[in-house]
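any chance you could fold what I've pasted below:
(one chain, ligands or ions: 1)
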Amino acid sequence: MFFHVLTLFPDMIRDGFTTSILGRAAEKGILSLEAVNIRDYTKSRHKKVDDYPYGGGAGMLMQAQPVYDACQAVIEGIQTRKKTAGEEKVRVIYLTPTGQVFSQQLARELAREEDLIFLCGHYEGIDERVLQRIVTDYVSIGDYVLTGGELPAMVMMDAIARNVPGVLGNEESAQTESFDDGLLEYPQYTRPEIWEGERVPEVLLSGDHAKVEEWRLEKSLAKTKEVRPELYESWAESHQEYFVKKAKKEERLR
Ligand SMILES: NC(=O)c1ccc(NC2CCCC2)nc1
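As a prediction, this is how the structure comes out:
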């Protein structure tokens, strides 16, 4: 997986990438990252990349030309690496509050791409004409406004990387699987068995894997029902048999 980030702050991206799993995966050669400084592609003498918005309004907008040329340079680099001229349709993700909300499902889908280009805006955004020309996916990481697209890009790269085969050792992948079934994570415990007088739930010490799994599912369901009822409802719809079995079991215990 090759991550390409178009940004005015490449160091922010490079520093953010050397976290645990992303850094290790980069060393293993499973992931690679290039952060491209959009400012390097401006044709203006004073390294200008932004200007006042037509129609008035507060703030500045990033101009189309430097963004377009930086993106073209990245696409040419991809085509050179893949020895394919011209037919590459690379996904260009623009981070924006107006985009589709990012999710584990989208992370899994994007993890199947060989190359991803992230376009990080700043100021009040980017000239619409270049967005229309190059962006394939408009994505938001949540309903709030940020100063730039860099943090959302790093959030997305982390979540996507966790779904790239080989990035997570098998001991780390458990966390991802649990959300994958659309439920929130169950509570987790580690040594010591008693901390400040608080014991670890007995079932987790029993060594009975079936009971542990049952306990974890019950906890996930309870947490999901409380915090994200809409996720709970959609899970319940596609797991009718779980509730039938549970009712029968409770019947037997009466
Ligand atoms: N919720 C988000 O994913 C998000 C993305 C970008 C952004 N700000 C950027 C967008 C163009 C200029 C700053 N704010 C919020």
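
for the ligand, what are the nearby residues on the stretch 51-200 of the chain?
Residues of the stretch 51-200 of the chain lying close to the ligand (CB under 6 Å from any ligand atom) are 95-97, 121-122, 125, 140-142, 144-146, 148-149, 152. Just so you know, the C-beta spots here come from the backbone N, C-alpha and C atoms, and that holds for glycine as well.

which pair of those spans the longest distance?
Farthest pair in those (CB to CB) is 122 and 142. Separation: 18.5 Å.

contacts only, for whatever residue of the stretch 51-200 of the chain ends up closest to the ligand.
Nearest residue of the stretch 51-200 of the chain to the ligand (CB to the nearest ligand atom) works out as residue 121 at 3.0 Å. With contact set as CB atoms under 8 Å, 6 or more residues apart in numbering, residue 121 has these partners: 62, 94, 95, 96, 148, 149.

center of this protein - which residue?
Nearest to the mean C-alpha position of the chain, by CA atoms, centre = their mean, lies residue 156 at 2.6 Å.

for the protein, longest strand please?
Looking across the chain with DSSP state E, the single longest strand is strand 91-101.

what is it packed up against?
Using 3 or more CB pairs under 8 Å, 6 or more residues apart in numbering; DSSP states H and E as the contact criterion, the elements in contact with strand 91-101 are helix 104-110, strand 115-119, strand 137-140, helix 150-161.

can you pull the buried residues of stretch 214-234?
Buried residues in stretch 214-234, defined by neighbour count with 16 or more other CB atoms under 10 Å: 215, 216, 217, 219, 220, 221, 223, 224, 225, 232.

that older thread, so the residue nearest to the centre of the chain sits against residue 141, correct?
Yes. Residue 156 lies in contact with residue 141 (CB atoms under 8 Å); the separation is 6.8 Å.

roughly how far does residue 24 sit from the ligand?
Noted for residue 24: a distance of 26 Å to the ligand, by CB to the nearest ligand atom, to the nearest Å.

with residue 222 instead?
Distance of residue 222 to the ligand, given as CB to the nearest ligand atom: 30 Å.

now do that residue, the pLDDT please.
Looking at residue 222, its pLDDT reads 97.

which non-adjacent residue is nearest residue 129?
Leaving aside its chain neighbours, residue 129 sits nearest to residue 64 (5.2 Å; criterion: CB to CB, 6 or more residues apart in numbering).

if residue 51 is in a bridge, with which residues?
Applying DSSP bridges to residue 51 gives these bridge partners: residue 61.

tell me the pLDDT at residue 26?
Residue 26 carries a pLDDT value of 87.

distance of it from residue 77?
Between residue 26 and residue 77 the distance is 17 Å, computed by CB to CB, to the nearest Å.

likewise for residue 130?
Separation of residue 130 from residue 77 (CB to CB) stands at 19 Å.

could you do residue 221 as well?
Residue 221 is 47 Å from residue 77, by CB to CB.

point out where the stretch 101-250 of the chain drops to low pLDDT.
Applying pLDDT under 70 to the stretch 101-250 of the chain flags the ranges 171-180.

hey, where'd the helices end up in it?
Assigned helices in the stretch 101-250 of the chain, in chain order: 104-110, 128-134, 150-161, 174-180, 209-227, 229-237, 240-253 (criterion: DSSP state H, counting those that start in this stretch).

most tightly packed of the ones you listed?
Mean neighbours per residue, mean count of other CB atoms under 10 Å, is largest over the helices of the stretch 101-250 of the chain for helix 150-161, with a mean of 21.

what helices or strands is that helix leaning on?
For helix 150-161, the packing partners by 3+ CB pairs under 8 Å, 6+ apart are strand 2-7, helix 10-17, helix 20-27, strand 91-101, helix 104-110, strand 115-119, strand 137-140.

just the buried ones among the residues of the stretch 51-200 of the chain next to the ligand, please.
95, 96, 121, 122, 125, 140, 141, 146, 148, 149, 152.

quick check: phi and psi on the residue nearest to residue 58 when sequence neighbours are not counted?
Ranked by CB to CB, 6+ apart and with sequence neighbours excluded, the top spatial neighbour of residue 58 is residue 124, at 7.3 Å. Backbone torsions of residue 124, given as degrees, to the nearest 10, read phi -100, psi 0.

thanks a lot, catch you later.
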